[in-house]
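J.: predicted model and sequence below, questions to follow.
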Amino acid sequence: MNNESLRRVLLIRRLRERQQRRQWVRPVLLRREQCGEFHTLVQELRQHDPEGHRRYFRMSVIEFDEILVKIEPAITKQTTHLRDPIPAAERLAVTLRFFAAGGTMKSVAESYRLGFATIRLIIIETCRAIWEVIGPDVLAPPTPEQWRQHALDFEQHWQFPNCIGAVDGKHVQMEKPINSGSINFNYKGFCSIILMAVVDAKCRFTYVSVGANGQESDGGVWGDCDLGQMLEAQRGDGRVLPGPALLPGSAEVAPHVIVGDEAFPLREHLMRPFPGAALTTDERRVFNYRLSRARRTSENAFGIMAQRWRVYRGPIACNVATTKLIVQATCVLHNVLRQNELARGGLGAHCTVAPAERGEAAGLRDVTDAGVIHNHSQQAARVRETFVRYFSGAGSVPWQMDSIRR
């Protein structure tokens, strides 16, 4: 028997074995409604243990139901003569449990007694529905009036006037996609996509950009995202950001700005700290302290999200497109839950996370260089010097000198 004949015999045998094993539904999955986690544990938590429900899904029963009402039309499937569809509530439960518990889709599939392919499709569709249905309500681009309100919040809570947000970027770690080469492989030695976000004074995302390849982390991330392009095009006419305004208690006029760390370039509407070699005066050290204090909101927001959604505690075992949907959906849910916490008076406006929670989550790593070129214009330098003078003059706070001398 030649090699070609042998290959045909083996192929026929393999196909027969596959046909013999093929089943419409695995027997263990047939008892989903009797033994599956949604029909047993989840129902008990809803009825008898609301605090347990909050720990299990990272949200209350009321919050779960409110989200379900909004996305139910988008994730409900039609009943056919072959089988009944999985209910929308169970689809949402599967997705939230995957976010809250971390781990893998396979572990969720086993506990809910659903097939892996089914779980994967459910999570993708539910994430897309959250992003497309709820996202426009909680992550709509702010208007100039809303930017001004954010500036007032930063002035009140963080003593940084004319600040409309804190920007930060994170590598979202993921398992290496098949046949992806090095496109998502970053300089830190793992595969990732990049989440760029602006956070308001109350730890809510006002802008997110997800999906830049991890390989781009050493340059181009800021310039390529639409927020960076928007700020570069800003000309002080108030069409995108509010126009310049007086700093409280002084005659100094400054534009509205976003604050970032040393990974970002200095621009007229984007403030970054002075590098260590340039910290030659107490005034500059005070500026760095005040900027770092305002920028803390972005670190707090990412810390809260990583603590709530433990899917970020390790690499996400999905392809790039699915990982992007997961990040988008968790950002939307973060805003929904954060707004509810503020309405209840929880966590305070400062939203300070415990020190033990401030470390980097394994699945969220800092982007340490987000701009291609750090050269800045004279106008950008003048804006920064305006804040330097203000923070050491009319805008000083009693504790700032003690803080820079510790």
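T.: Structure's in. What do you need?
J.: in this structure Arg204 contacts Leu337, no?
T.: No - if you go by CB atoms under 8 Å, Arg204 and Leu337 don't touch, sitting 10.0 Å apart. C-beta: built from backbone N, CA, C; applies to glycine.
J.: the more surrounded of those two?
T.: Neighbour totals were compared for Arg204 and Leu337, and Arg204 leads with 22 against 18 (other CB atoms under 10 Å).
J.: for Gly276, give its distance to Arg284.
T.: 11 Å (CB to CB, to the nearest Å).
J.: and what of Ile67?
T.: 46 Å.
J.: quick one: which of the two has more around it?
T.: Between Ile67 and Arg284, Ile67 has the larger neighbour count (other CB under 10 Å), namely 23 against 19.
J.: please look at that one and Ile134 and confirm they touch.
T.: Yes - between Ile67 and Ile134 there is a contact under CB under 8 Å: 7.0 Å.
J.: list residues touching both of the two?
T.: Counting by CB atoms under 8 Å, 6 or more residues apart in numbering, the common neighbours of Ile67 and Ile134 are Val336.
J.: run through the neighbouring helices and strands of the longest strand anywhere in the chain.
T.: Longest strand in the chain by number of residues, with DSSP state E as the criterion: strand 163-174. Applying 3 or more CB pairs under 8 Å, 6 or more residues apart in numbering; DSSP states H and E, one finds that strand 163-174 contacts helix 144-158, strand 191-199, strand 205-213, strand 257-259, helix 282-308, helix 320-344, strand 364-366.
J.: could you dump these to TSV with distance to Phe387 and mean pLDDT?
T.: Below are the helices and strands packed on strand 163-174 laid out as TSV (distance: least, CB to CB, whole Å; pLDDT from 0 to 100):
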stretch	distance to Phe387	mean pLDDT
helix 144-158	12	93
strand 191-199	18	92
strand 205-213	21	90
strand 257-259	8	95
helix 282-308	6	95
helix 320-344	28	95
strand 364-366	24	79
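J.: closest one to Gln379 among the ones you listed?
T.: With CB to CB as the criterion, Gln379 lies closest to strand 257-259 of those, at 12.3 Å.
J.: which strands or helices does the closest one pack on?
T.: strand 163-174, strand 270-271, helix 282-308.
J.: in it, what counts as buried?
T.: 257-259 (16 or more other CB atoms under 10 Å).
J.: from the chain's centroid, how far away is it?
T.: Distance of strand 257-259 from its chain centroid, counting by CA atoms, centre = their mean, to the nearest Å, is 19 Å.
J.: quick one: contacts of it?
T.: Contacts for strand 257-259 (CB under 8 Å, 6+ apart): 160, 162-167, 198, 231, 268-272, 291, 294-295, 383.
J.: what pairs with it, parallel or antiparallel?
T.: strand 163-174 (parallel), strand 270-271 (parallel) (DSSP bridges).
J.: hey, which of those strands is tucked in deepest?
T.: strand 163-174 (a mean of 26; mean count of other CB atoms under 10 Å).
J.: now do it against strand 205-213, angle only.
T.: Using axes from the mean of the first three to the mean of the last three CA atoms, to 10 degrees, the inter-axis angle of strand 163-174 relative to strand 205-213 is 40 degrees.
J.: re the thing from before, turn the helices and strands packed on strand 163-174 into CSV, columns for distance to His81.
T.: Shown next, in CSV, are those (distance: least, CB to CB, whole Å):
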stretch, distance to His81
helix 144-158, 50
strand 191-199, 41
strand 205-213, 40
strand 257-259, 56
helix 282-308, 41
helix 320-344, 31
strand 364-366, 46
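J.: for those, which one sits closest to Arg120?
T.: The nearest among the helices and strands packed on strand 163-174, by CB to CB, is helix 320-344 at 7.7 Å.
J.: now do stretch 304-323: everything it contacts.
T.: Everything outside stretch 304-323 that qualifies as a contact, by CB under 8 Å, 6+ apart, is 58, 98-102, 104-105, 120, 123-124, 127, 172-175, 177-178, 180, 184, 190-191, 193, 203, 211, 326, 330-331, 333-334, 337-338, 351, 353, 357, 361-364.
J.: try it again with 7 Å
T.: For stretch 304-323, contacts defined as CB atoms under 7 Å, 6 or more residues apart in numbering pick out 58, 98-102, 104, 124, 172-175, 177, 184, 193, 203, 326, 330, 334, 351, 353, 357, 361-364.
J.: which residue is nearest the centroid of this structure?
T.: With distances taken as CA atoms, centre = their mean, the residue of the chain nearest its centroid is Cys331 (4.2 Å).
J.: show me what contacts that one?
T.: 205, 208.
J.: where do the helices sit along the stretch 1-150 of the chain?
T.: 3-21, 32-35, 43-48, 50-57, 61-75, 88-101, 105-112, 116-129, 135-138, 144-158 (DSSP state H, counting those that start in this stretch).
J.: could you tell me the least trusted of these?
T.: Ranked on mean pLDDT, the bottom entry among those is helix 3-21, at a mean of 70.
J.: end to end, how far does stretch 81-93 reach?
T.: End-to-end distance for stretch 81-93, by CA to CA, to the nearest Å: 25 Å.
J.: in that stretch, what's buried?
T.: 86-93.
J.: closest one of these to Glu51?
T.: Using CB to CB, the buried residues of stretch 81-93 come closest to Glu51 at Ala93, 17.3 Å.
J.: now that closest one, nearest residue through space, not along the chain?
T.: Leaving aside its chain neighbours, Ala93 sits nearest to Phe38 (5.2 Å; criterion: CB to CB, 6 or more residues apart in numbering).
J.: against Phe116, how distant is that neighbour?
T.: Phe38 sits at a distance of 16 Å from Phe116 (criterion: CB to CB).
J.: equivalent analysis for Val383, please.
T.: In terms of CB to CB, Val383 sits 53 Å off from Phe116.
J.: got it, and Arg313?
T.: Applying CB to CB to Arg313 and Phe116 gives a distance of 21 Å.
J.: so for those two, which sits in the more crowded spot?
T.: Neighbour count, other CB under 10 Å: between Arg313 and Phe116, Arg313 has more, with 16 against 13.
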